[in-house]
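In: the following comprises the amino acid sequence and a computationally predicted model.
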Amino acid sequence: MEILRIPLIAQDSCKKHLQRGRSLGFVPTMGALHEGHLNLVKRAKMENDVTIVSIFLNPLQFGPSEDLDKYPRDVDEDIKKLRQEDIDILFLPDNNLMYPKSFSTHIEVGALSEKLCGKFRPGHFKGVATVVSKLFNIIKPTRAYFGQKDFQQTVIIKRMARDLNFDIDIIICPTIREHDGLAMSSRNAYLDMEQRSTARILYQCLNNASEAVKTGAASGETIREMMRQTLLSEPLISQIDYASAYDPETLEEADEIKGDVLLAAAVRIGNTRLIDNILLLR
Ligand code: AMP
């Protein structure tokens, strides 16, 4: 596994693989790798000649009062895990090479970025779209792999790739969960034992809503109310940012449940923000 820290060198190395006719599978991450990340890596490896993973804790996507400073970091452990997966290139860029002082260009994906998490994390998706487009231009992958856990992110990246003519297949992989259903996340490490035990309510709430939709619930209001009641039953949930049914393409809240539906929620347990979703394709 090559570890490359300089964008120009990574770009050159990836270009050489492309020139030799190899397909490049790319998995962008912020590190603190878990099975959710590694599942993307395995899929990328299976479908491509060369597998590249990036670890970059992108400051642009964190708000001033968010958890950039305490975000879990363990690069040595991450390197071990990636060596075990036998990937080809780990791109581990320095912040000042990604964002030199003169840096002044940003990508905004419009209305999709204002919905769901966007309402509570202003500027977050602008930071995500900007870093992902930089990474795409450095690596020039054939295929890039993202997790459904961050559903809004997948919608935004797909839209960006279409709008800006990135010639890259965007591949969405299922959410990997702990035994009790909690979606794996680097942020789960913030939870103490009691909070961790409470956290499984998030997936239970989505599952209950999913059952209700499958058995004929037709009103968005009914689903919303049901989800809120489930979440409110847990005193350790300090805030519900959102919990509802949405159109999976426009991310608009659904008044009427018909066709495909995204059930999604974001809550805070203590200071830890957790998100999850279930997509029902009908
Ligand atoms: P992050 O390091 O949190 O930026 O995540 C990097 C990639 O891993 C993103 O595409 C995430 O959606 C994906 N990911 C994170 N957690 C999971 C999970 N539990 N299951 C599947 N994919 C995940």
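Out: Yep, it's here.
In: how many residues are close by the residue nearest to R200 when sequence neighbours are not counted?
Out: Excluding the flanking residues, the one nearest R200 by C-beta to C-beta, 6 or more residues apart in numbering is D180, at 4.3 Å. Every residue, glycine included, has its C-beta placed from N, CA and C. As a burial measure, D180 scores 12 neighbours (other C-beta atoms under 10 Å).
In: just checking, D180 touches I201?
Out: No: applying C-beta atoms under 8 Å as the test, D180 and I201 come out as separate, 9.9 Å apart.
In: residue numbers of the stretch 1-150 of the chain in contact with the ligand?
Out: Residues of the stretch 1-150 of the chain lying close to the ligand (C-beta under 6 Å from any ligand atom) are 29-30, 36-37, 39-40, 146-147, 149-150.
In: and for stretch 2-11, what's in contact with it?
Out: In this structure, residues lying in contact with stretch 2-11 by C-beta atoms under 8 Å, 6 or more residues apart in numbering are 13, 79, 88-94, 97-98, 137-140.
In: rerun at 10 Å
Out: If you take C-beta atoms under 10 Å, 6 or more residues apart in numbering as the criterion, stretch 2-11 is touched by 12-14, 52, 54-55, 75, 79, 82-83, 87-94, 97-98, 134-135, 137-140.
In: coming back round to it: keep only those of the residues of the stretch 1-150 of the chain next to the ligand that are in helices.
Out: Counting by DSSP state H, these place 36-37, 39-40 in helices.
In: tally of neighbours for the nearest residue to I269 once chain neighbours are set aside?
Out: Closest residue to I269 apart from its sequence neighbours, by C-beta to C-beta, 6+ apart: Q195 at 4.8 Å. A count of neighbours around Q195, defined by other C-beta under 10 Å, yields 18.
In: closest residue of the stretch 51-200 of the chain to the ligand?
Out: Closest to the ligand within the stretch 51-200 of the chain is G147: 2.1 Å, counting by C-beta to the nearest ligand atom.
In: which residues are in contact with that residue?
Out: Neighbours of G147 in contact, by C-beta under 10 Å, 6+ apart: 27, 29, 36-37, 39-40, 153-154, 172-176, 183-185.
In: for it, list each beta-bridge partner.
Out: Beta-bridge pairing for G147 (DSSP bridges): C173.
In: return the distance of it relative to I223.
Out: Using C-beta to C-beta, to the nearest Å, G147 is found at 24 Å from I223.
In: same question for F62.
Out: Computed as C-beta to C-beta, the F62 to I223 distance reads 31 Å.
In: more neighbours: which of these two?
Out: Legend: neighbour count by other C-beta under 10 Å for F62 and I223, higher for I223 (23 against 18).
In: for that one, which non-adjacent residue is spatially closest?
Out: Once flanking residues are discounted, I223 sits nearest to A245: 4.6 Å by C-beta to C-beta, 6+ apart.
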